[in-house]
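J.: with the sequence up front, the predicted model follows.
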Amino acid sequence: MKPNFLNTVLSIFAFACMIIVIGCEEVPPTITPIETDRRVVIEEFTGVRCVQCPGGSLELQNLIATYGEDKVIPISIHAGFFSPPYSDSNYDFRTPEGDFLETHIGPLSGFPCAVINRRLFSGQPELPITPASAWNGYLLQELGSEPQCEVELTHTYDSTSRLLNLDVETSFLADVSDAVGITVMLTESGVLDKQLTPAGFEATYEHKFILRKTLTAFDGDAITSSTNFGDIINTNYSYTVPSNFNAAKMKVIAFVHRTGSDKSVLQANLVDLIP
């Protein structure tokens, strides 16, 4: 066999092998862009004595990083067995509304767990979903659905008096035959305090998305028994933010939801407390 011919054969063989190797490489999955205007509320139940709960907070941060803070609305509710503070904790993150929600949208069978848009998904025995690794799939289902209303927030905040005035406009995009209510919450992030973690006790763990206050009834203020496409409902709230809350780290959250046995969220929105 002549050298030139041999070199040509070897070159073709090497090229073919390269094509085969490239064809066998694993192609990383791509995330399908979310085309709807849906925003999803994730109410995570947590506690400072829960060793696995920092993993739940990390999953919330990952979901926000993946889909955007304009799509994922996290609320961390300190309630249940793991929520009492330690004797040397600086704060008690428990709230009366958190205790109410533990039973209203519970029971809680494991930690960390989260309720996604207060929807009971097919195959799930209860609203709270665990483990945290399962949240993404259900979140995607909600992000891919069309909202049944739009929620717009307009507010002012006076840094001297610490008075919040909030106007919520709900515009219905579909007929809804069920009773509907609205819930308004305030959350705070960036609070350093003790937390049990898999690595041990962390004295300056950064707590995020903490439920601080509900401005409505704990199970929501009733706004209508049924609605038609095009209906617009306005609600107003005022609240003086306590001086021990860091207003610069707080969010105002409002979501419209059914109020019967079906508690599912129709749409939500959030804004920074300080505009």
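T.: Received the coordinates, thanks.

J.: residue 168 contacts residue 152, correct?
T.: Yes - taking contacts as CB atoms under 8 Å, residue 168 lies within contact range of residue 152: 7.3 Å. Where C-beta positions appear, they are placed from N, C-alpha and C, glycine not excepted.

J.: and those two? Which one has more around it.
T.: Legend: neighbour count by other CB atoms under 10 Å for residue 168 and residue 152, higher for residue 168 (24 against 14).

J.: residue contacts, the more buried one?
T.: With contact taken as CB atoms under 8 Å, 6 or more residues apart in numbering, residue 168 is in contact with 151, 152, 153, 182, 184, 234, 235, 236, 237, 254.

J.: if we use 10 Å, what do you get?
T.: 151-155, 182, 184, 215-216, 223, 233-237, 252, 254-256, 269 (CB atoms under 10 Å, 6 or more residues apart in numbering).

J.: picking up where we left off before, which residues are common contacts for residue 168 and residue 152?
T.: With CB under 10 Å, 6+ apart, residue 168 and residue 152 have common neighbours 234, 254, 269.

J.: buried set for stretch 203-212?
T.: 205, 207, 208, 209, 210, 211, 212 (16 or more other CB atoms under 10 Å).

J.: how close does the second one get to residue 137?
T.: Same thing as residue 207. Using CB to CB, to the nearest Å, residue 207 is found at 26 Å from residue 137.

J.: make a markdown table out of the buried residues of stretch 203-212 and add secondary structure and pLDDT.
T.: A markdown table is the format used below for the buried residues of stretch 203-212 (DSSP: H, G, I helix; E, B strand; the rest coil; pLDDT from 0 to 100):
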| residue | secondary structure | pLDDT |
| --- | --- | --- |
| 205 | strand | 98 |
| 207 | strand | 98 |
| 208 | coil | 98 |
| 209 | coil | 98 |
| 210 | strand | 98 |
| 211 | strand | 98 |
| 212 | strand | 98 |
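
J.: closest to residue 142 among the residues you listed?
T.: residue 209 (17.6 Å; CB to CB).

J.: how near is that closest one to residue 103?
T.: With CB to CB as the criterion, residue 209 and residue 103 are 21 Å apart.

J.: of the buried residues of stretch 203-212, which is the nearest to residue 37?
T.: Out of these, the member with the shortest distance to residue 37 (by CB to CB) is residue 209, at 22.0 Å.

J.: which residues touch that closest one?
T.: Residue 209 neighbours (CB under 10 Å, 6+ apart): 42-44, 46, 57, 60-61, 64, 73-77, 187-189, 251, 253.

J.: selecting buried members of those in ChimeraX, what would you type?
T.: Per 16+ other CB under 10 Å, the buried members of the contacts of residue 209 correspond to this ChimeraX selection:
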select :42,43,44,46,57,60,64,73,74,75,76,77,187,188,189,251,253
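
J.: tell me which of the contacts of residue 209 fall in helices.
T.: Among those, the ones falling in helices (DSSP state H) are 57, 60, 61, 64.

J.: three-state assignment of residue 138?
T.: helix (DSSP: H, G, I helix; E, B strand; the rest coil).

J.: meant to ask about residue 102, not that
T.: helix.

J.: residue 77 is in contact with that one, correct?
T.: Yes - between residue 102 and residue 77 there is a contact under CB atoms under 10 Å: 7.5 Å.

J.: quick check: neighbours shared by those two?
T.: 45, 83, 94, 108.

J.: wait, doesn't the second one sit right on residue 91?
T.: No - the criterion here is CB under 10 Å, and residue 83 misses it with residue 91 at 11.6 Å.
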